[in-house]
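K.L.:
I need the structure of the sequence given here:
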Amino acid sequence: MTENWDHDPAAAAHLLDALTGIASQAAAAIVRLCSPALAVRVKDDESPVTAADEAAQAIILAGLRQHLPGLPIVSEEAERTGVLTGSRFALVDPLDGTKEFISGRDDFTVNIALIDGGVPRLGVVGAPAMGLIWRGIVGGQAERLRLSPGAMPDAATEKVTIRARPAPAAGLTAAVSRSHLDPQSVEFLGRLPIKDQVGAGSAIKFCRIAEGSADIYPRFGTTCEWDIAAGHAVVMAAGGVVTMPDGGPLSYGHGERDFRVPGFIAWGDPTAPRLLR
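P.N.:
Here you go, the predicted model:
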């Protein structure tokens, strides 16, 4: 049933439930391993990784292979090849915001996205410590679920449709990175009527835009495709847009640059760039 998810809304909804269940199981593994004594090692790129990252990844990869056999998977903690064959693949960050996780904060996420033709089509962002999952189908709708880690989607105690909001006349709320707020992003925000800033780690910043509690999230520093693809899908499903810093389209699957993204801007209101001065 999931093979025609790009043309069949029922198949897409079925697959989104499957991805939600996979993200929830990964969230449960992360929560089980949360401990002040958790061993941390540093990767070659000087970013931290823990047993929780690896446990979540194993669950996600197994789940994707069960529901989408043969689909290429690009994951932060897995070996990657420089060339993808075909237009469809999955992008996975099993624990986005490892620094927040290690420090005991609750704003870390599990990110799963399906890409077709360089564009994110389905996305799931789970926040294990918050018991929340944001998800969306581009061209369909976005939702926020209150779901205990490990539970399946039909056990959600809350399920609400979310929508990005029009740019408020009183000023914008900016979602900004707690760990990676670069000078160019600060300068860019200075060109907009910003009323408030909300700091957070991980892909939760995209989710704030999708649910209408923030209006813009810029990042002009380099990041990776698996960090942003799921959030990108949720924002688009909620009516927002995500672009390159120059306003051009943001595409995925660039193995030739090791799946790096030079920067992006997420807007809740697609017309809000008119406010730039």
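K.L.:
What's the biggest helix in this protein, counting residues?
P.N.:
When the chain is parsed with DSSP state H, its longest helix is helix 9-33.
K.L.:
May I see the buried residues of that one?
P.N.:
12, 15-16, 18-30, 33 (16 or more other C-beta atoms under 10 Å). Just so you know, the C-beta spots here come from the backbone N, C-alpha and C atoms, and that holds for glycine as well.
K.L.:
Also stretch 247-258?
P.N.:
Neighbour counts over stretch 247-258 (16+ other C-beta under 10 Å) mark Leu250, Tyr252, Gly253 as buried.
K.L.:
Out of these, which comes closest to Arg135?
P.N.:
Nearest to Arg135 among the buried residues of stretch 247-258: Tyr252, at 17.9 Å, using C-beta to C-beta.
K.L.:
For that closest one, which residues are in contact?
P.N.:
Leu91, Ile115, Gly118, Val119, Pro120, Glu225, Ala229, Phe259 (C-beta atoms under 8 Å, 6 or more residues apart in numbering).
K.L.:
mind checking the SS state of it?
P.N.:
Under DSSP: H, G, I helix; E, B strand; the rest coil, Tyr252 falls in the coil class.
K.L.:
circling back to that earlier point, with pLDDT and distance to Val186 added, can I get the buried residues of stretch 247-258 in CSV?
P.N.:
As requested, the buried residues of stretch 247-258 are exported to CSV (pLDDT from 0 to 100; distance: C-beta to C-beta, whole Å):
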residue, pLDDT, distance to Val186
Leu250, 96, 21
Tyr252, 96, 27
Gly253, 94, 30
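K.L.:
Now list the buried members of the contacts of Tyr252.
P.N.:
Buried among these by 16+ other C-beta under 10 Å: Leu91, Ile115, Val119, Pro120, Glu225, Ala229, Phe259.
K.L.:
can you tell me which of those are in helices?
P.N.:
Per DSSP H, those map to helices at Glu225, Ala229.
K.L.:
tell me the two of the buried ones among the contacts of Tyr252 that are most distant?
P.N.:
Across the buried ones among the contacts of Tyr252 (C-beta to C-beta), the longest gap, 15.1 Å, separates Val119 and Phe259.
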